[in-house]
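Enquirer: Sequence plus predicted model, see below.
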Amino acid sequence: MTTEALPLVSNKVVQRKLIVFACFLVTALTLIPVVMMVLVAFQSDAESMAAKPSFWPSSWHPENLTRAFELVPLGKYLLNTVYFAGGTTLLETVTAALAAYAFARLNFPGRGWLFGIYLATLMIPSQVTLIPQFVLVAKLHGIDTWPGMILPHAFTAIGVFLLRQFFLGIPRDYEEAARLDGANRWQAFIRVIVPLAVPAIATLAVFKFIGQWNNLLWPLVISNSDATRTASVGLQVFQDTNGTQWNLLLMAATVTTVPLIILFFLTQRWFVRGITMSGLGGR
């Protein structure tokens, strides 16, 4: 290695270390509220309500977990959230895959214009369509029912866009080989395209599940009883019925956060792979 190349190598090493340090700093700042939430969840009532709070518990109170479940049906809320997030995720992946395949492979008049209009719906805030959706669901007698909760969120343009970008990167030769072997278009889609698109479909499923798990506005409007209330709405009900008991409220929030953390660690391989192989990776 020449002496002229040594400064370049050292500069790259310094830049890499600065990037790592910046990432570590951002990660630490992001985790501070989460750590504070967990610590306060194990404090006593008096300590969590003190005028000068100390985030580290003077004594740990694991019984707060049992108390949180006794004050509200938190287990029921978590199960309802699984139904809501799982149902919308399943329908979203199915409908998005079918629509994305049509936009990526089928030739029909106005395909480009229709896809552009479809993407334009992403610019409409969800709050704008909240009242029309509520009126429509109410007229169909879907208030406080699972169809009324799930169906309005089973179709989104972002899922179609993500899968379409991935389908466009799959060579047509695979489908043509399947067609030569006697497969029709539906069989080619199910047996060829879907298996190759598992990373993108898994990424969409993770995005959708996390988004619907944290969804507060729509369940808050539609659900009127514990039969359909989700965990995010349950936290609001908890605060309304029991006051601001910070330790118990944050214990309930911790319980609702744990499933998402577990889900991410179980699916992070598909999560990263799907982003890098799809349009979100800048390809």
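Expert: Perfect, thanks for sending it. Numbering: from 1, shown residues only.
Enquirer: center of this structure, which residue is that?
Expert: Centroid-nearest residue in the chain, with CA atoms, centre = their mean: residue 210, separated by 2.3 Å.
Enquirer: buried stuff in the helix or strand hosting it?
Expert: Using DSSP states H and E, residue 210 falls within helix 198-213. For helix 198-213, the neighbour count (16 or more other CB atoms under 10 Å) marks 199-213 as buried. Bear in mind the C-beta positions are built from the backbone N, C-alpha and C, glycine included.
Enquirer: Pull the contacting residues for residue 68.
Expert: By CB atoms under 8 Å, 6 or more residues apart in numbering, residue 68 lies in contact with 74, 238, 248, 251-252, 255.
Enquirer: ok, how many other residues are close to residue 170?
Expert: The tally of other residues near residue 170 (other CB atoms under 10 Å) stands at 16.
Enquirer: per-residue pLDDT, it?
Expert: We have a pLDDT of 85 for residue 170.
Enquirer: May I have the phi/psi pair for it?
Expert: phi -90, psi 120 (degrees, to the nearest 10).
Enquirer: Would you agree it is in contact with residue 196?
Expert: Yes: using CB atoms under 8 Å, residue 170 is in contact with residue 196, at 5.5 Å.
Enquirer: Domain map for the protein?
Expert: What automatic domain parsing lists as the domains of the chain is 3-65, 74-242.
Enquirer: about what we covered before: need the per-residue pLDDT for the residue nearest to the centre of the chain.
Expert: For residue 210, the pLDDT comes out at 87.
Enquirer: Could you shift the numbering so residue one becomes 56, and keep it that way?
Expert: Renumbered: residue one is now 56, and that last one reads residue 265.
Enquirer: what about the spatially closest residue to it that is not a sequence neighbour, helix or strand, and which?
Expert: What sits nearest to residue 265 in space, not counting adjacent residues and going by CB to CB, 6 or more residues apart in numbering, is residue 315, at 6.0 Å. Per DSSP H and E: residue 315 is located in helix 301-332.
Enquirer: For the closest residue to residue 211 other than its chain neighbours, give me its contacts.
Expert: Excluding its sequence neighbours, the residue lying closest to residue 211 (CB to CB, 6+ apart) is residue 147, at 6.3 Å. The contact partners of residue 147, by CB under 8 Å, 6+ apart, come to 208-211, 214, 259-260, 263.
Enquirer: how much distance is there from stretch 75-82 to the middle of the chain?
Expert: 24 Å (CA atoms, centre = their mean, to the nearest Å).
Enquirer: mean confidence score for that stretch?
Expert: 87.
Enquirer: Equivalent analysis for stretch 165-179, please.
Expert: On average, stretch 165-179 scores 87.
Enquirer: possible to save the contacts of residue 123 as JSON lines with distance to residue 151 and pLDDT?
Expert: Shown next, in JSON lines, are the contacts of residue 123 (distance: CB to CB, whole Å; pLDDT from 0 to 100):
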{"residue": "129", "distance to residue 151": "32", "pLDDT": "86"}
{"residue": "293", "distance to residue 151": "34", "pLDDT": "83"}
{"residue": "303", "distance to residue 151": "39", "pLDDT": "86"}
{"residue": "306", "distance to residue 151": "36", "pLDDT": "89"}
{"residue": "307", "distance to residue 151": "33", "pLDDT": "88"}
{"residue": "310", "distance to residue 151": "31", "pLDDT": "89"}
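Enquirer: Quick check on these: which are buried?
Expert: Judged by 16+ other CB under 10 Å, buried ones among the contacts of residue 123: 129, 293, 303, 306-307, 310.
Enquirer: Just the closest of those residues to residue 107, please.
Expert: residue 303 (20.2 Å; CB to CB).
Enquirer: where's the closest residue in space to that closest one that isn't next to it in sequence relative to residue 105, distance?
Expert: The shortest distance from residue 303 to any non-neighbouring residue, by CB to CB, 6+ apart, is to residue 123 (4.9 Å). To residue 105, residue 123 is 20 Å away according to CB to CB, to the nearest Å.
Enquirer: How about residue 265?
Expert: 34 Å.
Enquirer: Count the residues that sit near residue 119.
Expert: Residues near residue 119, counting by other CB under 10 Å: 23.
Enquirer: and residue 130, how many neighbours does it have?
Expert: Neighbour count of residue 130, defined by other CB under 10 Å: 11.
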